Each structure stands twice: as C-alpha cells, then as structure tokens.
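Participant: predicted model and sequence follow; I will ask about them next.
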Amino acid sequence: MIKGILAAEELLASRVAHTFRTYPKQITAAIAAMLLCAGGGAFAVAALGTDSGDHPVRQVLEAVAPLPVEAQTEALDAFGFTLFRSDLTRSSDTAEALFKRLGVADSRAAAFIRANADARAALFGRPGRTVTAEAGQDNQLQKLSARWIPDADGGFKRVVISRTPNGFALKTEADPLTSSTRLASGVVRTSLLAATGEARIPDGVASQLADIFGTDIDIRQLRDGDRFAVVYESFEADGQPLRSGRVLSAEFESAGKLYQAVWFQEPGKKGSYYRPNGDSLRKAYLSSPVEYSRITSGFAMRNHPIFNDWRQHHGIDFSAPIGTGVRAVGDGVVEFAGVQSGYGNMIILNHRNNQATVYAHLSRIDVRVGQPVTQSQFIGAVGMTGWSTGPHLHFEFRVNGDYADPTTIADQGGGMPIAASSRQAFERVAKATRTELAAAFSVVQASAD
C-alpha cells in the first residue's frame, strides 16, 4: 500500500512539472489574477469602514512663549575675538610684507611703522627677530610686539606698538630672559643637520652635538636610522624661545652603539662633558673648524688646481659658502692675522706643546695678533682670497713647524676624569639626565614603530 502511495505522489509531481513547462505564461497570468482579486477584496473590505468626514473637527489654540533669540543675537553682535600670530623678521621685509605674513590688513598701522624710526629699527634693524601681532576680527592691528637680545647681559628688549584712541603709540621695554630646559630627539635619514632641523632643534644645539660626539662618531658618515636625544637650555622672552644655551646631556645611537654625554661642573673648575662612568669627553682640539662642511681635498698628494702639477697638499680643504663662520679648534694665542701670499687672508694660532693651526683663504678676520682665543670661538669667515678657485677653508695642523695630518688632531685628550670628591654629585646628575633621555628615546621609538 505504501509503495502505491509513493508511486501516486511521484506521478502527481511529474504531471505538475510537465504542466509548468508546457504552459508557463498561462500559469503566471492565473497567479497574477488571483493576487489582484485578493487585493480588490482587501480594498472592498477597507471601504466598508466609517467615512472620516463624519468625525467632529475641533480647533485648539495655545499660547507659545517665544525663544530669547533677540538677546542671543545682540550678544553675538557684541562678541569679539583677537587673533594672535608670530613670525620672524626677514632681511627683505617691509611693513606690508610683514603684515601679510601676520594676517594683518591695516594701512594706518603700516604708515605709522614707515614714519617711525624706532619702529623701523626694531622691526627691520636685523633679521630673525621674533614679532607677535594681535589683530581683531576685522584684521585691524591692536598690538605688535618685537623681541630680541641686544647683548649678552642676560636680558632682552621688547618694542610694543599699540592702538590708542589717538592713533598708534610705541614704547620700549627691557626684561630678563627666562631660562628653561628643553628635551628633543630625532632620527637621522640623510644628515645630522637635516634630522635636527626636522626635530626643530636650534642650529647651535646641533653644532654642540657634532662637537661632543665628533671624536667617537664620524658625523659626516651617519647611517639611516641612527638616532639621538638631547636636553638643552633655552632662554625665553614672554614664553617664546629667543636663544638656545648649553647642551646639558645627550645620547647618540649609531651603528648599534650608544654614546652618552653629561655636562658637569666641579666646584672651582671649568665645566665639561663626561661619559656616564666619569671619564672626560673633552678633547684638546675639535675635529673640524667649520660646522656642517665636507672635505673636498685631504692631506695627500694631488694635482694642484692652479699650477696643474703634482704636489703635496699640506692641509685639508673644507667646502662652505662665503661668510660661514670659522672656529678655533683649540685654546691658543693668535700668532698671525693678515694676508700671506697664496694663503690670502690667514690666521695662525699657537697651541700647547709647540702645536699650531692655520686657517686660510678667509673672507674676514675677527681676531688680532696676541689675542688669546678659546676652543669653538669664531675667529673669521670662509672666503676665497689668495690662490683659491672657489669658496673654502684651507686648514693646516703643524707640530714643531712641520706639517701633520689634521685628521689626527682630534685624537688628543684634553680633560681629566671626575674627581673622587665630586663623584657622588656627578652620579646624581647623571642618573637624572639618563631618565630624561630615556623618555626622549621612547618617543623616537614610538614614532618609528
């Protein structure tokens, strides 16, 4: 019996499938008609309800309190704001050019500056001065402040131009600089100068880094990924840095090796840089008399560029633009400062142990014979005087009057280790600076990740 039922079901399914294949259009039309009738039936049922027009209509009136829009509008009309913007003056600046960078549009203020000698001297006397403008929402100038360091007395000068009911007024003020400590770090991609610039580290601090680690690391051959951290002094005026000071501590990681330096001054002695173990980092001589320069000719035989013959080059040539500062590589006394045949403008410094250094082809000489100089002191500027085919510094190192390879000059030690009596104080300073530098390195690592 069960087999019979199954056979009947299979026969019915087969006939249904055959019908769908044979009459697909007719079946589709039949289904649509059924749906339409169902819809009509639904409509007919809905139409059997009560007409909505039979319901009573009521009108409701309510009093609505108006929002305090007028008071808010008056408050907005009375609201004003002040725009603050700072920039540095440039050698090509005019009142209009400076105002444009500061977002100020005020012809009367520009006319006041052009007509006032003190204002012109404050703003355009020397490039690089910090200027802050306060302007209203109409871009009219309210106050303009210029700040700079006039000398080395530890203070700064401030000139303020203010809007008054009778026009503009100018006043000059003097205040002491505020000392603070700043921490910075960076990663080398192309050069130390580029890395410190990207990290917004002042050039003076970058130069100190090169001097501090110059004998341990070849600053000109840094690798991509070398990193550094530094803690340095900053001298500020009204919260804005005007001058960088001494490097207080620094770390440099190059080729997988970590180099550290801590500034410490023992009582009654000259301050210097030390390794964390107390050994002195001070050298008798700097590795280079010119910051951020490259060697174009070494201490070797070469074809002379002017006489076109093969001869010994008795020094090192550092390529740099005319006017680049030249530093004394060590403490000494000026033996000669003047013109000497092919050397052009030249300076000779006498140092310890019958050693001397020569700086030639200078565009400017800033010392005189007999004057004592200290290491890193600027004594002149790069030029191309004498027998020179381009701007550069010719640098020589002489021992007992004989020429020596200048690349060996920085190998001479010049400092003593920390004394036992100062060891405890030095350890406290070194511990504190290591904590700060570790924090700076963690920032570099996080940005690299």
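Facilitator: Ah, there it is.

Participant: isn't residue 172 up against residue 150?
Facilitator: No - using C-beta atoms under 8 Å, residue 172 is not in contact with residue 150; the gap is 10.7 Å. Heads up, the C-betas are built off the backbone N, CA and C, glycines and all.

Participant: common neighbours of those two, please.
Facilitator: Common contacts of residue 172 and residue 150 (C-beta atoms under 8 Å, 6 or more residues apart in numbering): residue 157.

Participant: pLDDT weak spots in the protein?
Facilitator: The chain contains residues with pLDDT under 70 at 1-55, 64-81, 151-153, 292-294, 296-313, 410, 413-414, 442-449.

Participant: now the spatially most central residue of it: closest residue in space that isn't a chain neighbour?
Facilitator: Nearest to the mean C-alpha position of the chain, by C-alpha atoms, centre = their mean, lies residue 200 at 1.6 Å. Nearest residue to residue 200 in three dimensions, chain neighbours excluded: residue 184, at 7.2 Å (C-beta to C-beta, 6 or more residues apart in numbering).

Participant: the one you found contacts residue 198, correct?
Facilitator: No - applying C-beta under 8 Å, one finds residue 184 not in contact with residue 198, separated by 10.5 Å.

Participant: more neighbours: these two, which one.
Facilitator: residue 184 (18 against 13; other C-beta atoms under 10 Å).

Participant: how about that one: which residues does it bridge to?
Facilitator: For residue 184, the beta-bridge partners under DSSP bridges are residue 230.

Participant: which ones are touching it?
Facilitator: Counting by C-beta under 8 Å, 6+ apart, residue 184 touches 199, 200, 201, 205, 229, 230, 232, 440.

Participant: for burial, what's the neighbour tally of the fourth one?
Facilitator: The one in question is residue 205. For residue 205, using other C-beta under 10 Å, the count is 22.

Participant: helix, strand, or coil at it?
Facilitator: helix (DSSP: H, G, I helix; E, B strand; the rest coil).

Participant: next: the third one.
Facilitator: In the three-state summary, residue 201 is assigned as coil, counting by three-state DSSP.

Participant: residue numbering should commence at 37 henceforth.
Facilitator: Done: numbering now begins at 37, and the last item shifts to residue 237.

Participant: that one reaches residue 222, doesn't it?
Facilitator: Yes - Residue 237 lies in contact with residue 222 (C-beta under 8 Å); the separation is 6.9 Å.

Participant: kindly provide the distance from residue 269 to residue 163.
Facilitator: 24 Å (C-beta to C-beta, to the nearest Å).

Participant: neighbour count winner among the two?
Facilitator: residue 269 (16 against 11).

Participant: contacting residues for that one?
Facilitator: Per C-beta under 8 Å, 6+ apart, neighbours of residue 269: 215, 216, 217, 218, 280, 281, 282, 284.

Participant: out of those, which are inside helices?
Facilitator: When the contacts of residue 269 are checked against helices (DSSP state H), there are no matches.

Participant: circling back to that earlier point, top of the contacts of residue 220 by neighbour count?
Facilitator: That'd be residue 266 among these, by other C-beta under 10 Å, with 27 neighbours.

Participant: so that residue touches residue 237, yeah?
Facilitator: Yes - using C-beta under 8 Å, residue 266 makes contact with residue 237 at a distance of 6.9 Å.

Participant: ok, back up a step: between which two of the contacts of residue 269 is the distance greatest?
Facilitator: 216 and 282 (12.8 Å; C-beta to C-beta).

Participant: re earlier: nearest to residue 178 among the contacts of residue 220?
Facilitator: After measuring the contacts of residue 220 against residue 178 - C-beta to C-beta - the closest member comes out as residue 236, at 28.7 Å.

Participant: okay then, goodbye and thanks.
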